[in-house]
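**Q** Below is the sequence, then the predicted model.
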Amino acid sequence: MLRNGLEPWHLLIVAIVVIVLFGSKKLPDTARALGRSMRILKSEAKALKDDDTTAPEPPASPQAAGPTT
């Protein structure tokens with residue numbers, strides 16, 4: 001039944017339902033808020049990735065080397 005996945009007419013029906021539910025006046029505000037959220041998410045993910053790559057490695061603990069006596 002879902003072999004072909006989403007076809008163009010499926011997306012058209014979804015778009016019509018969204019317009020009917022939310023109205024054409026709220027859609028630009030919603031799209032703007034969604035875009036802003038995606039930019040924030042993208043910048044935070046990049047910052048996390050940069051922090052992981054530039055973080056210094058922790059020093060080796062002396063207990064892992066074993067006793068020195």
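**A** Cool, got the structure. Values in this document were obtained by computation on a predicted structure and should not be read as measured data.
**Q** how far is the host helix or strand of residue 47 from where the chain is centred?
**A** Here residue 47 sits within helix 27-54, counting by DSSP states H and E. How far helix 27-54 lies from its chain's middle: 7 Å, per CA atoms, centre = their mean, to the nearest Å.
**Q** Likewise for stretch 5-16?
**A** With CA atoms, centre = their mean as the basis, stretch 5-16 stands 23 Å off its chain's centre.
**Q** got it, and stretch 9-27?
**A** The answer for stretch 9-27 is 23 Å, by CA atoms, centre = their mean.
**Q** how about that stretch as CSV, C-alpha atoms only?
**A** What follows is stretch 9-27, C-alpha atoms only, in CSV (Å, rounded to 0.1, in the frame of the first residue of the first chain):
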residue,chain,number,x,y,z
TRP,A,9,-0.5,14.4,-4.9
HIS,A,10,0.0,13.2,-1.3
LEU,A,11,1.9,16.4,-0.6
LEU,A,12,-0.8,18.5,-2.2
ILE,A,13,-3.5,17.0,0.0
VAL,A,14,-1.3,17.6,3.1
ALA,A,15,-0.7,21.2,2.1
ILE,A,16,-4.5,21.8,1.6
VAL,A,17,-5.3,20.3,5.0
VAL,A,18,-2.7,22.5,6.6
ILE,A,19,-4.0,25.6,5.0
VAL,A,20,-7.6,24.7,6.0
LEU,A,21,-6.6,24.0,9.6
PHE,A,22,-4.3,26.9,10.2
GLY,A,23,-5.5,29.5,7.8
SER,A,24,-3.4,31.4,5.3
LYS,A,25,-2.7,34.3,7.7
LYS,A,26,-0.9,32.2,10.3
LEU,A,27,1.2,30.1,7.9
